[in-house]
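[1] predicted model and sequence follow; I will ask about them next.
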Amino acid sequence: MATYPKLVQVAWDVIEKFIKDWQAEPYKYLNELSFQAELYSRIKTVIDLTGYDTLEGKYTKDIVKGYEDKQQWSRVVCETAMYYKWSDRKYYKFFPDIIIKDDIKDIENPPDAIDYVNWPALLTCEIKAAARENKER
């Protein structure tokens, strides 16, 4: 059995519980957004309760006055831009439904302040779901 970082294991436990709940009540979630909102809420709540809910990063551009020194950021986010490089060597932006961000070594230099560099992620989740079959009438 694979050993995951603690917060990844917590997320997997939450995901597995959510799947069981959904199987028991398959009509409770009507579309992808309701799946995303429920899963995000559960993961964020558990991580908040563990005390690992915020990250620090000192950004210098486009910061609200009074927060220039350092900022607190949520570890669990929805649809934050990330980048990947495809075989054509171009960078593409994508927006995973749920991301659990990892700590960084130097809060003075957040990696995603540089174009095409991602804040490290412990887990990214893209949800594709239909609550019921699409039957022709």
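    Sure thing, it's come through.

[2] list the buried residues for stretch 22-32?
    W22, Y29 (16 or more other CB atoms under 10 Å). (Each C-beta comes from the backbone N, C-alpha and C, glycine too.)

[3] find the helix or strand that the closest residue to I15 other than its chain neighbours is a member of.
    In this structure, I15 finds its nearest non-sequential neighbour in L39, 6.8 Å apart by CB to CB, 6 or more residues apart in numbering. Per DSSP states H and E: L39 is located in helix 32-50.

[4] same check on Y92?
    Here Y92 is assigned to strand 91-94, by DSSP H and E.

[5] residues contacting the residue most central in space within the chain?
    Geometric centre of the chain, nearest residue: I99, 1.3 Å, by CA atoms, centre = their mean. When contacts are counted by CB atoms under 8 Å, 6 or more residues apart in numbering, I99 touches V76, V77, C78, T80, M82, A121, L123, T124, C125.

[6] which SS state does it fall under?
    strand (DSSP: H, G, I helix; E, B strand; the rest coil).

[7] let me know the pLDDT of it.
    Per-residue confidence (pLDDT) for I99: 97.
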